Every structure is written in C-alpha cells, then in structure tokens.
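give the three-dimensional model of this entry:
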Amino acid sequence: MTVACGAFLLTLAPLLHLQVAPQIITAPADIHQTTSLHAVDATYLDTADLTVRRGARITAVNTVRGDVRASDEKITVWDSFTWIGDATTGAQIEIQSQRVAFDRRTARLHNVCGAAVDGDTSVRQSGIGPFWPIGVRKRTYHVFDAKTRTSRPMTFAGVDRIHGDTVYQFVQRTEPTVLGSAPTRVPASLLDLEGLRAGFPGYDGGRGDIEVDRVYEGTLTAWVDPRTGTRIDQRQQSKTVFRTKDGIDRLVVGDLVLRLSEADRRDRAIRADKAARKMR
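Residues are numbered from 1 along each chain as shown. I've put the predicted structure just below:
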C-alpha cells in the first residue's frame, strides 16, 4: 500500500546558473542542487504499523541532477528525487521521483529520453515542469502536476518581495482527485468499520479488508523571479483521505503544509540576482 500522505514531487526549478551566449540563454544540463521543505503539526499514515500520526514534523529533501549525456543543444534532461520523512523519528514516509525532458529555452516538457513519474514512462507530461521560462509574465501557465499526473493552470496572483527581490506569485489549485488507476485495500479496522456486513461496496468479510480510493486535494503557491524563472519560494498545502466505495471520506491520512526553508529562500534569491546580472 502506497502511503497517501498528501506530499508531492518537489522539483522546484532550482536555477543554479544559466548558460549564456550572445544570442541565446538556456537552461543548464549540469545542474546539481539539494533543497528542503518543512511542515509542522502535520498528519500522515505510518504504514509500518498502520497508525495515523498527528502533530508531526515533516521534512522533504529534494535533489535535482541534470543528465548531461542525455541532454543536447535543444533538450535538457533533469532527474528529481525526493525523500519525505518524519523529522522527529527519522521514519521514511514516502519516496518520489521524476525525470523530465524539456525545451532549454521555452521550458515546454517533452516525452523523450525516458521521461517518467515514479519510474512510469507511460505518463504523458505536458505544459512546463521544474524549469520556468526566462522572462516570466503576469499570466496563467499550465504546469505539470506530478501528483495527479496532469497539466493544470497556475494563475498569476500578485507581486511580492522576498529578500529584496521582486517576485510574481502564482497559485495552482487541485480539486479532490482520485489518485491511481486501482483502489487500495486496507483493514476495515483502520477505518473503524469492523461491524460491516457482506454486501458493503468493496468489503471482503473473509479477509476483513475493504477497497478505498485515495483522494487528494491541494494548493501549490510559488513565488517566481520573473527575470530568471527561479522559484524563490514555494508552499504546498495538501490533504489526502481514504474514501470508501459508498462515496464517504472515512479517514484523513495526510494533511500538511510544506514550505521551502528560509535558508533555501535566501540562497535562491542570491542565485537569481547573480543569474540576472549574467543575463544583463
């Protein structure tokens, strides 16, 4: 059973540097950067003993590494790996991965070079992904959401300042969405449904388990440096529930707000300034 903690693939578009030539500015192929996000007072399902933990501190560590050999003058390939765990106990909650291939200038995703989500190369990635185009505008972008494996609109929501930099705020909202193509089976006792009778949708009395859908909803907010496309900050609000086949949400198994660390926000602002100076 996959943990349904409501976390997400954390490719954060870290713009380590830009490759600059007289007539072209492109995304780097040799990127290698690690960033972290944190959540407090979070809820998640501990699959080790099928216990819902509440009031937890969560850490998500994301590493992005460019695949130089797979990249060329038009397409850049990045691999993203995210470890999500309980910051207090060190227990692993979830591991996520994403491989993206995108246009080095426009940031448009392409399904080539083994592009995949959690190793699944059949996922069709579209819109833009971890890298945003240089010269971000005050408009709506279609950004690929790896959690639901769909491209969703991310709408301009205003102008802010972070560590002295002017940034554009964008918001992407995901309505309650069933994750995965097949339901998950969990013990009926986990949902306090021990008294179920034969005939209840998805219930197996002999095994004492029941089919549930993992239903996810969330709001992703990103603060983007319009000069370079760097995400200076990011906040992910997410909630995941187990829903039985009668359409009732039975148990919250993920409820958290992940935010980029202050140190990484400061570092990204510094790097965006350096990149902007190179571009000028």
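
so where's the stretch 151-280 of the chain shaky on pLDDT?
Nowhere does the stretch 151-280 of the chain drop to pLDDT under 70.

any idea which helix or strand carries R265?
Assigned by DSSP states H and E, R265 belongs to helix 262-279.

before we move on, what about Q33?
In this assignment (DSSP H and E), Q33 forms part of strand 32-46.

if we can go back for a sec, which helices and strands sit right next to the helix holding R265?
Applying 3 or more C-beta pairs under 8 Å, 6 or more residues apart in numbering; DSSP states H and E, one finds that helix 262-279 contacts strand 165-187, strand 231-244. The way it works is simple: take the backbone N, C-alpha and C, and place the C-beta from them, glycine included.

so what strands line up beside the helix or strand following the shortest one?
Read that as strand 231-244. Counting by DSSP H and E, the next helix or strand C-terminal to strand 231-244 is strand 249-260. Strand 249-260 has its sheet partners listed here by DSSP bridges as strand 32-46 (antiparallel), strand 231-244 (antiparallel).

and the angle from the first one to strand 165-187?
This means strand 32-46. 40 degrees (axes from the mean of the first three to the mean of the last three C-alpha atoms, to 10 degrees).

report the buried residues of the host helix or strand of A101.
Under the criterion of DSSP H and E, A101 resides in strand 92-103. Going by neighbour count (16 or more other C-beta atoms under 10 Å), the buried part of strand 92-103 is I93, E94, Q96, S97, Q98, R99, V100, A101, F102, D103.

check stretch 74-85 too.
So stretch 74-85, judged by 16+ other C-beta under 10 Å, has buried residues I75, T76, V77, W78, D79, S80, F81, T82, W83, I84, G85.

how distant is that stretch from the center of its chain?
The chain centroid and the centroid of stretch 74-85 are separated by 11 Å, computed with C-alpha atoms, centre = their mean, to the nearest Å.

so which of the helices and strands packed on helix 262-279 is nearest R277?
Nearest to R277, of all those, is strand 165-187, at 12.4 Å by C-beta to C-beta.

name the strands paired with whichever helix or strand comes after that closest one and say parallel or antiparallel.
Per DSSP H and E, the first helix or strand lying C-terminal to strand 165-187 is strand 203-204. Strand 203-204 pairs in its sheet with strand 209-224 (antiparallel), by DSSP bridges.

in the strand it pairs with, what's buried?
In terms of neighbour count (16+ other C-beta under 10 Å), strand 209-224 has its buried residues at 209-218, 220-224.

circling back to that earlier point, got JSON lines for the strands paired with strand 249-260, with distance to A263 too?
JSON lines is the format used below for the strands paired with strand 249-260 (distance: least, C-beta to C-beta, whole Å):
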{"stretch": "strand 32-46", "distance to A263": "8"}
{"stretch": "strand 231-244", "distance to A263": "12"}
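
any idea which of these is most buried?
strand 231-244 (a mean of 22; mean count of other C-beta atoms under 10 Å).

what about that one, distance to the chain center?
Distance, centroid of strand 231-244 to centroid of chain: 8 Å (C-alpha atoms, centre = their mean).

what angle sits between it and helix 262-279?
Orientation of strand 231-244 against helix 262-279 (the same axes, to 10 degrees) gives an angle of 130 degrees.

which pLDDT does the model give K74?
The confidence metric pLDDT takes the value 93 at K74.

and D30, what's its pLDDT?
89.

now name the helix or strand holding the nearest residue to V40 once chain neighbours are set aside.
Nearest residue to V40 in three dimensions, chain neighbours excluded: R57, at 5.5 Å (C-beta to C-beta, 6 or more residues apart in numbering). Take DSSP H and E as the rule and R57 turns out to sit in strand 51-66.
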